[in-house]
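>>> no FASTA, just this:
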């Protein structure tokens, strides 16, 4: 896939994700998804790191994340697939 196309996909997805995060999720769900997926700054955090940030347990972060993912998948399943694929590309260094 061409680098310009990947960049455009990334920007469009980020805009749509931003809209969904603001309208569909609670504050903790929104921030957990941002931290875990790297949406925004590109830095991903582990569940233990998120738990430390929010002063809660790793299990609670897992529940928050699962509820948020469920909401996002229900609202826009194709967008969620794109987020997952972009995460893979970012880890592989192709994005």
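Received the coordinates, thanks. In this text the structure is predicted, and so the values were computed from the model without any measurement.

>>> Now do the phi/psi pair for the residue most central in space within the chain.
When Cα atoms, centre = their mean is applied to the chain, the residue found nearest the centroid is residue 37 (3.6 Å). Main-chain dihedrals, residue 37, degrees, to the nearest 10: phi -100, psi -10.

>>> Just to check, it is in contact with residue 44?
Yes: judged on Cβ atoms under 8 Å, residue 37 makes contact with residue 44 at a distance of 6.6 Å. Every C-beta, even on glycine, is put in place using the N, C-alpha and C of the backbone.

>>> Strands along the chain, start to end?
For the chain, strands defined by DSSP state E do not occur.

>>> okay, and for it, where does confidence drop off?
Scanning the chain for pLDDT under 70 picks out the ranges 1, 87, 90, 94-95.

>>> If we use 50, what do you get?
Of all residues in the chain, none has pLDDT under 50.

>>> Which helix in it has the most residues?
Counting by DSSP state H, the longest helix found in the chain is helix 3-24.

>>> What lies in contact with that one?
For helix 3-24, the external contacting residues (Cβ atoms under 8 Å, 6 or more residues apart in numbering) are 30, 33-34, 39-40, 71-72, 75-76, 79, 82-83, 86, 89, 94-95.

>>> go with 7 Å
For helix 3-24, contacts defined as Cβ atoms under 7 Å, 6 or more residues apart in numbering pick out 30, 33, 39, 71-72, 75-76, 79, 82-83, 86, 89, 95.

>>> how close does the residue nearest to the centre of the chain get to residue 2?
Distance, residue 37 to residue 2, by Cβ to Cβ, to the nearest Å: 23 Å.

>>> Identify the residues contacting residue 73.
By Cβ under 7 Å, 6+ apart, the contact list for residue 73 reads residue 80.

>>> Quick check: the gap between it and residue 58.
Distance from residue 73 to residue 58, counting by Cβ to Cβ: 22 Å.

>>> so the residue nearest to the centre of the chain sits right up against residue 83, yeah?
Yes: Residue 37 is in contact with residue 83 according to Cβ atoms under 7 Å; the separation is 6.2 Å.
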